[in-house]
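sequence and predicted structure are below.
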Amino acid sequence: MHRNDLHEHIITSAGNLFYSQGYNSTGINEIISTCDIAKATLYSHFKSKEDICIAYLKQRHKFFMESLKAYVGERNESRPKLLAIFDLLRDMYMEENFQGCWNIKTLGELSPHQTKILGVIQKQKKELLLFLGEVVGNNISNLSKAEIEKISSGLYLLYESAVTESHLFKNDWPIFMARNIAPSLFVDMDLK
């Protein structure tokens, strides 16, 4: 296996373990065993389990943002673009082994000293918020910056609660409820 392929294999394999059983419950030896590599090979790619986790969070976020941008881009009208995040979430929920948000799941296991991972999670959540702001600004006319922030923050909070609650209840009703509530954020607005 080429070095880059092996690097991605380690991230994906460890990430699957982190997502399904938790960051703290996954040990280095289990990652090595799952990847079917030597300990020296793992450490030639990553200095620590924390570094593997950061790579995993970045990999998942990159895939998520690419998927979200594609979902938004596939919609021809403003309202579906504004609701695309809930359509993506519904499709993510339908996938096997949906465990909620990988960031929030990891965040719940962090100690106060794990600031590097916390910083990555905060950065990714801010990137999502900024993207939602772009979607709102591009699809609703004549909004102030404050109005864009209010609507995009509302979409973000509805999305985040739908992720958590759909995982908690093992049901997709929170996604449908969030999608149905979301238009109240931009009712009487001038959609482009």
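Yes, it's here.

going by C-alpha atoms from here, please, whenever you check contacts or count neighbours.
Noted.

show me where this structure has its helices.
Secondary structure of the chain, counting by DSSP state H: helices at 3-21, 28-35, 39-45, 49-74, 78-94, 102-107, 115-139, 145-169, 173-181.

put together JSON lines for those, with mean neighbour count on each row.
As requested, those are exported to JSON lines (neighbours: other C-alpha atoms under 10 Å):
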{"stretch": "helix 3-21", "mean neighbour count": "18"}
{"stretch": "helix 28-35", "mean neighbour count": "16"}
{"stretch": "helix 39-45", "mean neighbour count": "14"}
{"stretch": "helix 49-74", "mean neighbour count": "17"}
{"stretch": "helix 78-94", "mean neighbour count": "19"}
{"stretch": "helix 102-107", "mean neighbour count": "18"}
{"stretch": "helix 115-139", "mean neighbour count": "17"}
{"stretch": "helix 145-169", "mean neighbour count": "18"}
{"stretch": "helix 173-181", "mean neighbour count": "17"}
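
in JSON lines, list the ones you listed along with mean pLDDT and distance to residue 192.
JSON lines is the format used below for those (pLDDT from 0 to 100; distance: least, C-alpha to C-alpha, whole Å):
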{"stretch": "helix 3-21", "mean pLDDT": "95", "distance to residue 192": "39"}
{"stretch": "helix 28-35", "mean pLDDT": "97", "distance to residue 192": "49"}
{"stretch": "helix 39-45", "mean pLDDT": "95", "distance to residue 192": "48"}
{"stretch": "helix 49-74", "mean pLDDT": "98", "distance to residue 192": "14"}
{"stretch": "helix 78-94", "mean pLDDT": "97", "distance to residue 192": "6"}
{"stretch": "helix 102-107", "mean pLDDT": "96", "distance to residue 192": "33"}
{"stretch": "helix 115-139", "mean pLDDT": "98", "distance to residue 192": "5"}
{"stretch": "helix 145-169", "mean pLDDT": "97", "distance to residue 192": "14"}
{"stretch": "helix 173-181", "mean pLDDT": "98", "distance to residue 192": "20"}
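
same list, the ones you listed, but as TSV with distance to residue 190 please.
As requested, these are arranged in TSV below (distance: least, C-alpha to C-alpha, whole Å):
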stretch	distance to residue 190
helix 3-21	40
helix 28-35	51
helix 39-45	51
helix 49-74	18
helix 78-94	10
helix 102-107	34
helix 115-139	9
helix 145-169	12
helix 173-181	18
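
next up, the contacts around residue 17.
The contact partners of residue 17, by C-alpha atoms under 8 Å, 6 or more residues apart in numbering, come to 23, 26, 31.

what about it, distance to residue 183?
Distance, residue 17 to residue 183, using C-alpha to C-alpha, to the nearest Å: 37 Å.

before we move on, what about residue 38?
52 Å.

more neighbours: these two, which one.
residue 183 (16 against 12; other C-alpha atoms under 10 Å).

so the more buried one versus residue 1, what's the distance?
Using C-alpha to C-alpha, we find residue 183 at a distance of 49 Å from residue 1.
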